[in-house]
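Visitor: Quick one, structure for this:
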Amino acid sequence: MATLLHIDSSVFGGEASASRTVSEAFRKTWQEQHPNGTVVYRDLAANPVPHITAEAHTAGFADPATHT
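Guide: Below is the predicted model:
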């Protein structure tokens, strides 16, 4: 089954964003061509990815006995 990952990242909503307008048009066309496909949608303006610090990144490599 085909899957489309649709990501919007513009801070402007609706028609105020050219990229959101284009990505929505693409998604609609894609869905017409893949009626059984799955669309996974992410809006990075509405649900931003948390900032990853160097400390958080390197914690995964630390000895678990040193975790706090």
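
Visitor: Show residues contacting the lengthiest helix in the chain.
Guide: Longest helix in the chain, counting residues (DSSP state H): helix 18-33. Outside helix 18-33, the residues that touch it by Cβ atoms under 8 Å, 6 or more residues apart in numbering are L4, H6, I7, D8, S9, S10, F12, G13, G14, E15, G37, V39. In this view, the C-beta of every residue, glycine as well, is placed from N, C-alpha and C.

Visitor: And stretch 50-65, by the same measure?
Guide: In contact with stretch 50-65 (Cβ under 8 Å, 6+ apart) are residues H67.

Visitor: All the strands of this structure, in order from the start?
Guide: For the chain, the strands identified by DSSP state E occupy 3-8, 38-43, in order along the chain.

Visitor: Need the ones you listed in JSON lines (columns: mean pLDDT and distance to E24).
Guide: Compiled in JSON lines, these are given as follows (pLDDT from 0 to 100; distance: least, Cβ to Cβ, whole Å):
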{"stretch": "strand 3-8", "mean pLDDT": "97", "distance to E24": "8"}
{"stretch": "strand 38-43", "mean pLDDT": "97", "distance to E24": "10"}
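
Visitor: Just send those back as TSV, with distance to T68 and mean neighbour count too.
Guide: Compiled in TSV, the strands of the chain are given as follows (distance: least, Cβ to Cβ, whole Å; neighbours: other Cβ atoms under 10 Å):
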stretch	distance to T68	mean neighbour count
strand 3-8	34	13
strand 38-43	31	12
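
Visitor: Spit out the contact partners of A2.
Guide: Applying Cβ under 8 Å, 6+ apart, we find A2 in contact with H34, N36, G37, T38.

Visitor: go with 6 Å
Guide: Taking Cβ atoms under 6 Å, 6 or more residues apart in numbering, we find A2 in contact with H34, G37.

Visitor: Could you find the closest non-adjacent residue to S10?
Guide: Across the structure, with Cβ to Cβ, 6 or more residues apart in numbering as the measure, the residue nearest S10 apart from its sequence neighbours is S17 (3.9 Å).

Visitor: unless I'm mixing things up, the one you found is touching V11, no?
Guide: No - using Cβ atoms under 6 Å, S17 makes no contact with V11, being 8.1 Å away.
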